[in-house]
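Trainee: Have a look at this prediction, sequence included:
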Amino acid sequence: MQPNDLILELRDVGKTFPGVTALQDVRFDLRRGEVHVLLGENGAGKSTLAKILSGACPKSTGEIRLEGRPVEIKNPRHARALGIGMIYQELNLAPNLTVAENIFLGREPTVVPGVISAPALRQAARKILDQLGASVAADRPVRELGIAHQQMVEVAKALSLDARILIMDEPTSALTRQEIRELFSAIRRLTAQGVAIIYISHRLEELLEIGDRVTVLRDGRSVATRPIRSARVPATPPTEPAGNDATLGELIRLMVNREVKEQFPKRKAPRGPELLRVEKLTQTGFLHDISFTLHRGEVLGLAGLLGSGRTRLARALFGLERIDSGTIFCRGQPRRIHSPRRAIDLGLGLLAEDRRTDGLVLNLSIRENIGLSSLDRFCRWGVVRRDHERHAATDYVQQLRIKSQGVDQPVMFLSGGNQQKVVLSKWLCSQAELFIFDEPTRGIDVGAKVEIYELMNRLTADGAAILMISSDLPEVLGMSDRILTLCRGSITGELSAAEASQEAVLERALGVAGR
Amino acid sequence: MSVRSFLLRHGRQLGTLLGLVLLGAVLTARTPYFLTLSNLLNVAQQTAINAIIAAGMTFVIITAGIDLSVGSIVAFAGVVLGSVLAAGHPLSAGLAAGLGVGLFCGLANGLLIAYGRLPPFIATLGMMSVARGAALLYTGGRPVSGFPDNFRFLATGQVLHIPMPVVLMAGVYGAAHFLLGRTKLGRYAYAIGGNEQATRLSGVNVRRYKTLVYGLSGALSGLAAVILTARLDSAQPIAGIMYELDAIAAAVIGGTSLMGGEGKICGTLIGALIMGVLRNGLNLLDVSSYIQQIVIGSVIIVAVFLDMALKKRHN
């Protein structure tokens, strides 16, 4: 392998969506047989870059060179023809078909046109799987395989199309330690055969294990490219001068060091009595000995990466998850929360991550959505007193400044920020005091974000407590009074607003603090 | 309510009504017998049974479900009711038996769907066969007859010159309109059909309300069985075959979405009337019953096709 054997080169690539610049002046290159890690926070532009390379969306500016020649990647089919394969986080396999059938779906070897040759199909599949060193039976239905093996099938599918570049988007997010090891050994076999891999991840420890080089993306720009020297013995002697190697601390700094663009109008409310106490909450395999308290007037930030268990914790508090051991205390009383109804009666309100699936009934009106969790309040003998309901809904629409054509408008036509306010109104209407905000401002534009933050201030000023889950570090830092970090189902740190920094939070969320 | 918002909210139902009026106009032009009071009352009377079943079906479809068992429930409830009456028990006992059997079968559907998590299609398909078999087993395959005279009043009697079935239908539709628009049951039916998960996360006991909705559909099938048995003056274990088709068609022609969360009870009434008028008109025009089936099936397909095309343009 020659060090300058460039297969792919990106020169000042940019991507703009209406109103948003997702990528700007990205420089990136890829050598034959290397694993080049793309590192960045959520929203840094990693996925957009992957989409451009896999043909899912066109670039706006810049130049892409494949083996020295400029190319325009038109669509996914074109990308495949160019030898670029993409392994998405969500796998795209037909679960009822076998491994071999999936690998060659649409390109089955035939005896006569229309009649598939089963032995040829199996043999071809076997050959590719062996190339990967994957111990997967070619004639097993994909549905019987674990995620890791399904992923291998995806990789095999890409290889069967003669992919020379493989893009893997968070390939390990659902894998166990052992499965990750298998995947890595497959990756090493591929690179030894000259396949180049773009490896997207935010797991720092993995990058040290598998990566040859790393490029950090931040706010849509490539901020640095560094070689990685790891414990692993490199296949070839290092070509870059020593001392330029990436260290974890430097990478973290490169990932998060950005100006805080949004304004966080945090107003501290006086800390009142304890509202919620969680003791040693455990769900075997997912949540381990989670303990914390939450007081009136407080915003407790919960930081953690995807898969850290933060949403699972929120769901457990709301009666949606099995709890194996541990106790939840509400206002000092031990409580078993076995259903959302119970949680709501205890004064909880969940503003779920996905408003459209978990928060709202889109075809119902603002009024009907606001009343949904507390319809009994407006009912006599099972009959809804619509004037009472309308009155209450109108009140919330005014208080929270929900922009609409009236309370009878279906919520599906509202903007993200206004939809979020309808969900919040629903919980205010059911007299919630403890609000769980899961990604409260995702998909909400900047102006509306500030409004949501102002509403959080009002809630805490009125003596409510907020548990805020967010992937947006500046938001966690800007709005929390205290911050808990969660990593692989365990609490890895608690920081006060004063001592928290992006680096400190991220280190703990990554589980690398103290290394 | 302004005219504009009324049109917006009831546009779909007004469209169906327009279809009904056009159909009536065509038939009036083609045959002098159509637009006579006696014929119209006749149509209403013939529509009543399907309309009553379709009212229950509308609730079910609004929750994004389906009830295929209504026809078989009509037969089973009918023969139980018939045997109670034929044994000389009072009318009230017979009615309680008919409605009770319907309610029981409906609740069984609901429990299987809500608590057993069976797909509604499968649960009610099973019930369709079970109830039919039960009706045949119960009667040994023979019709039941020999009812007291006061029972026939439910089919042939009149209140203020309006036939009893039409009176019952009006009562059912008044109650259904109220239930769907003004009560918790109705609100939750729309919410469950619109987004079951969000409804559950709002603390609504989704399973209980789903069970109730299927129970309602079963009970209304029981009521339809009462009218049918009274009209035929005998209870047939093979009654009600294909009734599920007519009921689903009435709801869907009336604008109820099979995806759930959408639909109005008045739309279903108009849909049922379209089906009734069509059958009546084809009879008046002396069209063979074989061709009638083809025409009615085609109308259902065209109606849903138009509905989808209009919605697509709207979006």
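Mentor: Received the coordinates, thanks. All values derive from a computational prediction rather than experimental measurement. Numbers count the residues shown, from 1 in each chain, chains lettered A, B, ... in the order given.
Trainee: check contacts around the residue of the stretch 51-200 of chain A found nearest chain B.
Mentor: Closest residue of the stretch 51-200 of chain A to chain B, Cβ to the nearest Cβ: A:N96 (17.9 Å). (Glycine included, C-beta is placed from N, CA and C.) Shown in contact with A:N96 (Cβ atoms under 8 Å, 6 or more residues apart in numbering or on different chains): A:141-143.
Trainee: out of those, who has the most neighbours?
Mentor: Among the contacts of A:N96, A:V142 has the most neighbours (other Cβ atoms under 10 Å in any protein chain shown), with 21 neighbours.
Trainee: So it sits against A:L97, correct?
Mentor: Yes: applying Cβ atoms under 8 Å as the test, A:V142 and A:L97 come out as touching, 6.3 Å apart.
Trainee: Which residues are in contact with each of these two?
Mentor: Common neighbours of A:V142 and A:L97 (Cβ under 8 Å, 6+ apart) do not exist.
Trainee: quick one on the thing from earlier: kindly reformat the contacts of A:N96 as CSV containing distance to chain B, pLDDT and secondary structure.
Mentor: Output for the contacts of A:N96, formatted as CSV (distance: Cβ to the nearest Cβ, whole Å; pLDDT from 0 to 100; DSSP: H, G, I helix; E, B strand; the rest coil):
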residue, distance to chain B, pLDDT, secondary structure
A:P141, 22, 88, strand
A:V142, 23, 87, helix
A:R143, 19, 86, helix
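Trainee: so which strand or helix has the residue of the stretch 401-515 of chain A found nearest chain B?
Mentor: For the stretch 401-515 of chain A and chain B, the shortest gap (Cβ to the nearest Cβ) falls at A:K426, measuring 6.7 Å. Here A:K426, judged by DSSP states H and E, is contained in helix A:416-429.
Trainee: any idea which helix or strand comes after that helix?
Mentor: Next along from helix A:416-429, by DSSP H and E: strand A:434-438.
Trainee: Tell me how far that following strand lies from the chain's centre.
Mentor: 19 Å (Cα atoms, centre = their mean, to the nearest Å).
Trainee: pull the CA atoms of that strand into PDB?
Mentor: Taking Å, rounded to 0.1, in the frame of the first residue of the first chain, the C-alpha atoms of strand A:434-438 are listed here in PDB:
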ATOM      1  CA  LEU A 434     -42.600  17.300  37.000                       C
ATOM      2  CA  PHE A 435     -41.800  17.700  33.300                       C
ATOM      3  CA  ILE A 436     -39.500  15.400  31.400                       C
ATOM      4  CA  PHE A 437     -38.300  17.200  28.300                       C
ATOM      5  CA  ASP A 438     -36.700  14.700  25.900                       C
END
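Trainee: Let me know the average pLDDT across that strand.
Mentor: Across strand A:434-438, pLDDT averages out at 93.
Trainee: Run the chain-centre distance for the helix or strand just after that strand.
Mentor: Counting by DSSP H and E, the next helix or strand C-terminal to strand A:434-438 is helix A:446-461. In terms of Cα atoms, centre = their mean, the gap separating the centre of helix A:446-461 from the centre of its chain is 24 Å.
Trainee: Contacts for helix A:446-461 next, please.
Mentor: A:261-267, A:269, A:296-299, A:400-401, A:415-418, A:420-421, A:424, A:435, A:437, A:440-441, A:444, A:466, A:468, A:478-479.
Trainee: Next: stretch A:203-211.
Mentor: Contact with stretch A:203-211 is made by A:35-37, A:39, A:172, A:180, A:184, A:187, A:199, A:201, A:214, A:228, A:230-232, A:248, A:251-252, A:305, A:510, A:512, as judged by Cβ under 8 Å, 6+ apart.
Trainee: Whichever of the residues you listed end up buried, select them in PyMOL.
Mentor: A single PyMOL command selects the buried members of the contacts of stretch A:203-211 (16 or more other Cβ atoms under 10 Å in any protein chain shown):
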select buried, chain A and resi 35+36+37+39+172+180+184+187+199+201+214+228+251+252+305+510+512
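Trainee: Tell me which of the contacts of stretch A:203-211 fall in strands.
Mentor: A:35-37, A:39, A:199, A:201, A:214 (DSSP state E).
Trainee: just the strands in the stretch 1-150 of chain A please.
Mentor: Shown for the stretch 1-150 of chain A, the strands assigned by DSSP state E, counting those that start in this stretch span residues A:6-17, A:20-31, A:35-39, A:61-66, A:69-71, A:84-87.
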